[in-house]
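1. how would this look folded up:
(chains A and B)
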Amino acid sequence: MIHDQPNYGLKGFSRLTSESGLFLRNSFGSLFSREFLKVLIPLLVLWELLPRLEAVPRTLVPTLTDVAAAFWDLVANKKFLVHIAYSVGKFLAGLSIAIICAIPIGILMGWNMAIRKHSLPLFQLLSPIPPPAWVPLTIILFGIGLPMQIFLIFLGAFYPILFNTYQAIKDTDPRYLSSARVFGASELTLIFRVYIWHALGAIIMSVKTGVAISLVMLVIAEMYGGRSGIGYLLVEAKDFFQIPAMVVCMLVLGVIGWFSIEILKFAEFKLAIWKVGA
Amino acid sequence: MIEAKRISKFFSVINKDGVAEGMTACLSVSLSIEAGKIITLLGPSGCGKSTFLEILAGLQAPTEGEVYIDGVRVLEPLPSTRSEIEEYRKKYRFLSPLANDLFRDRPKHDIAMIFQDYAVFPWMTALQNITFTLKLRGLPRGERDAQAGYYLNKVGLGSFANKYPSQLSGGMRQRLALARALSVEPKVILMDEPFAAVDLLTRERLQEDLLKLWESSGVTIVMVTHDVSEATYLSDEVIIFSPSPGTIRNRFTINVPRPRRRDDPELAEIQQRIGKLLKYDLDNETEYTI
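-> I've put the predicted structure just below:
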């Protein structure tokens, strides 16, 4: 027993490191491949040199070192990290509310004709409204603050997840359903053991779409209302004409988006392992 | 003992002009199948034999007629009057009409079904596929693994228990489907063109395996196929379906004792007769459509 305990912990730790190593290699390995470095390094050098040689006005286009310096200044100022944490928190909150609402509704709509007929037209009516168009109304309803921002992020992710889930569940291969039914599966078993698994790939795909749109909504929400987050910093930097800081904010947003997509890809790879046949 | 009494199935299909057209899949098909036999339903594609099989399984409701398995009716009759239709709709608002008593009491009927493209769940390993069906049949947790392993070994997949179907070959997948069907120890196995998707050599091996398993379990097998030699080699009775509308054209009882040889002259003769019959049907149909 005593010997087992640390051994187990070590195993868990080594598993964690190997999994995260796999994740990082899968996600960001492409950035440091020999082929891409041949493109990336000249680009970075150009970025540094062009403003320096005054080929482009340096006041408008900051050099790489300017941006790096701005980044360093911002990080040294602890507030920046707090802003990032706020943004990520809001993003995750809105996205998870959207996932929690949209996937079950989508499953129910795809599974049952009666539920579909009662609810689908409503969503079809509301979904074509571009999410940014909700901003004015949301500000009046919720005021400027956290609920409004989270609602807008939620809105960005909700419809893509809902419709793709619904479609994927509806398109479940009837043969799988038949063969489960013949063996006596109840509708609940069908949902949990057949429908969801069959639709899993499409659902994760839809969450990816949702992530992209809700990231847009995150920036919009923070630009319009609120005293926190990257979007707010972006507007603030614009007001003070700090172009390097703006570039840093943009890059940080890009990294957040990329990171969340890669996490989903990894989840897809792990969950739907039967598809790749590993 | 399966009894189908005057089964008819009509579809309405909406054609590209937006007009609903009636289509007859089966017309007044009556059939009784004795326990412990292998029966094949043979016919050109689109003659309603697969539909008929699904009606036997209770996966589709017949428009008219009834199916009894061991004297128990497979699906409740479809509604005919307006009030009946309303009641039916209300009853099955949140359920498929197929998920009725029949499927709840499935162990009583003890049907298993094998489909052409395997229909083993790709998100479960070979073992999980079988334990899942055993769970559906209400086998206690402790016994599932042992029974699943037993049947996997029986079809020669013992060492592939933890593989996903995508990692298995076509023949192995079909064998897994066979193991899954047998594992619930059914009285009847319905097969819808089970060996159509594998190559000839694999098909012949699977046929041998099927016969071996059939002999050791004494299960009734109803198989749909369009392969004449497969039908004659395997079955006790071949039932020929003719298309549009799907009706029973003819039936051949095959009394050749098992084990049979594939080049048995008696089988060859029956094959020839069946071939002629099918060709005649097809020729007539082409004349008709031209």
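
2. tell me which parts of the stretch 1-150 of chain A are close to chain B?
-> A:Asn112, A:Ala114, A:Ile115 (CB under 8 Å from any CB of the partner chain). All C-beta atoms are positioned from the backbone trio N, CA, C, and that covers glycine.

3. of these, closest to chain B?
-> Nearest to chain B among those is A:Ala114, at 4.8 Å by CB to the nearest CB.

4. tell me, how many neighbours does B:Ser216 end up with?
-> 10 (other CB atoms under 10 Å in any protein chain shown).

5. Run through the residues that contact it.
-> Listed by CB atoms under 8 Å, 6 or more residues apart in numbering or on different chains, B:Ser216 has no contact partners.

6. what's the next secondary structure element after the strand or helix carrying it?
-> Element membership for B:Ser216, per DSSP states H and E: helix B:200-217. Downstream of helix B:200-217, the next assigned helix or strand under DSSP H and E is strand B:220-225.

7. helix or strand for the residue lying closest to A:Leu81 once chain neighbours are set aside, which one?
-> Leaving aside its chain neighbours, A:Leu81 sits nearest to A:Val75 (6.9 Å; criterion: CB to CB, 6 or more residues apart in numbering or on different chains). For A:Val75, the element it lies in under DSSP H and E is helix A:64-76.

8. cool, and B:Phe11?
-> Short version: B:Phe11 belongs to strand B:2-14, going by DSSP H and E.

9. just for the stretch 1-150 of chain A, where's the confidence low?
-> Counting by pLDDT under 70, the stretch 1-150 of chain A has low-confidence residues at A:1-10.

10. returning to what we had before: parallel or antiparallel, list what pairs with the strand holding B:Phe11.
-> strand B:20-33 (antiparallel), strand B:64-69 (antiparallel) (DSSP bridges).

11. Just the residues contacting that strand, thanks.
-> B:20-33, B:48, B:51-52, B:55-56, B:60, B:62-69, B:188, B:220, B:222, B:246.

12. Tell me the buried residues within those residues.
-> Among these, the ones that count as buried by 16 or more other CB atoms under 10 Å in any protein chain shown are B:24-27, B:29, B:31, B:33, B:48, B:51-52, B:55-56, B:60, B:62, B:64-67, B:69, B:188, B:220, B:222, B:246.

13. What is the neighbour count of A:Pro42?
-> Counted with other CB under 10 Å, A:Pro42 comes out at 10.

14. That one belongs to a helix?
-> Yes. Membership of A:Pro42 in a helix is supported by DSSP: H, G, I helix; E, B strand; the rest coil.

15. still on that earlier bit, so what angle separates the directions of the strand holding B:Phe11 and strand B:220-225?
-> 30 degrees (axes from the mean of the first three to the mean of the last three CA atoms, to 10 degrees).

16. Would you pull up how far strand B:2-14 lies from the middle of the chain?
-> Put simply, strand B:2-14 sits 15 Å off its chain's centre (CA atoms, centre = their mean, to the nearest Å).

17. Now it: buried residues?
-> So, applying 16+ other CB under 10 Å, buried residues of strand B:2-14: B:Ile2, B:Glu3, B:Ala4, B:Ile7, B:Ser8, B:Lys9.

18. what's the closest of the residues you listed to chain A?
-> B:Ile2 (14.4 Å).

19. Relative to B:Phe115, how far out is that closest one?
-> 19 Å (CB to CB, to the nearest Å).

20. same question, B:Met23
-> For B:Met23 relative to B:Phe115 (CB to CB), the value is 22 Å.

21. Over to B:Gly246?
-> From B:Gly246 to B:Phe115 the distance is 19 Å (CB to CB).

22. repeat for A:Leu126
-> Relative to B:Phe115, and taking CB to CB, A:Leu126 is found at 40 Å.

23. Also B:Gln167?
-> 20 Å.

24. what does the model give the residue of chain A found nearest chain B for pLDDT?
-> Across chain A, no residue is closer to chain B than A:Gly184, which sits at 3.5 Å (CB to the nearest CB). A:Gly184 is assigned a pLDDT of 79 by the prediction.

25. How about the secondary structure of it?
-> Reduced to three states by three-state DSSP, A:Gly184 is coil.

26. That one contacts B:Leu139, correct?
-> No. Counting by CB atoms under 8 Å, A:Gly184 sits too far from B:Leu139 to count as a contact (11.3 Å).

27. Compare neighbour counts for these two and give me the winner.
-> A:Gly184 (23 against 19).

28. Ramachandran coordinates for the more buried one?
-> Per-residue torsions, A:Gly184: phi 100, psi 30 (degrees, to the nearest 10).

29. Equivalent analysis for B:Leu42, please.
-> According to degrees, to the nearest 10, B:Leu42 has phi -120, psi 140.

30. That one and B:Glu237 touch, don't they?
-> No. The pair B:Leu42 and B:Glu237 does not pass the contact test of CB under 8 Å, sitting 10.4 Å apart.

31. Which of those two has more residues huddled nearby?
-> Neighbour tally, B:Leu42 and B:Glu237, criterion other CB under 10 Å: the higher count belongs to B:Leu42, 27 against 18.

32. Contact partners for the residue lying closest to the more buried one once chain neighbours are set aside?
-> In space, B:Leu42 comes closest to B:Ala231 once its chain neighbours are excluded; the distance is 4.8 Å by CB to CB, 6+ apart. The neighbours of B:Ala231, taking CB under 8 Å, 6+ apart as the test, are B:Thr40, B:Leu42, B:Met223, B:Thr225, B:Val238, B:Ile274.

33. Next: B:Leu139.
-> B:Gln147.

34. For it, give me the pLDDT.
-> 84.

35. Angles on the backbone of it, please.
-> phi -80, psi 140.

36. That one and chain A: what is the separation?
-> 11 Å (CB to the nearest CB, to the nearest Å).

37. quick one, helices of chain A?
-> A:4-28, A:34-52, A:64-76, A:78-111, A:113-126, A:135-142, A:146-170, A:174-182, A:187-189, A:196-224, A:230-239, A:243-271, A:273-276 (DSSP state H).

38. can you pull the buried residues of the longest one?
-> For helix A:78-111, burial by neighbour count (16+ other CB under 10 Å) applies to A:80, A:83-84, A:86-88, A:90-91, A:94-95, A:97-99, A:102-103, A:105-111.

39. quick one on the thing from earlier: buried residues in the helix holding B:Ser216, which are they?
-> B:Thr202, B:Arg203, B:Glu204, B:Leu206, B:Gln207, B:Asp209, B:Leu210, B:Leu211, B:Leu213, B:Trp214.

40. Go through these and say which is closest to A:Leu188.
-> Nearest to A:Leu188 out of these is B:Leu213 (CB to CB; 32.3 Å).

41. ok, that closest one - contacts?
-> B:Lys154, B:Val155, B:Leu178, B:Leu182.

42. Point out the residues in the stretch 101-250 of chain B that sit beside chain A.
-> Residues of the stretch 101-250 of chain B lying near chain A (CB under 8 Å from any CB): B:103-104, B:106-107, B:111-113, B:115, B:117, B:119-124, B:132-133, B:136-137, B:164-167, B:184.

43. from the residues you listed, which ones fall inside strands?
-> B:Ile111, B:Ala112, B:Met113 (DSSP state E).

44. right, and the last one touches B:Pro194 too?
-> When you say that, I think you mean B:Met113. No. Using CB under 8 Å as the test, B:Met113 is too far from B:Pro194 to be in contact (9.8 Å).
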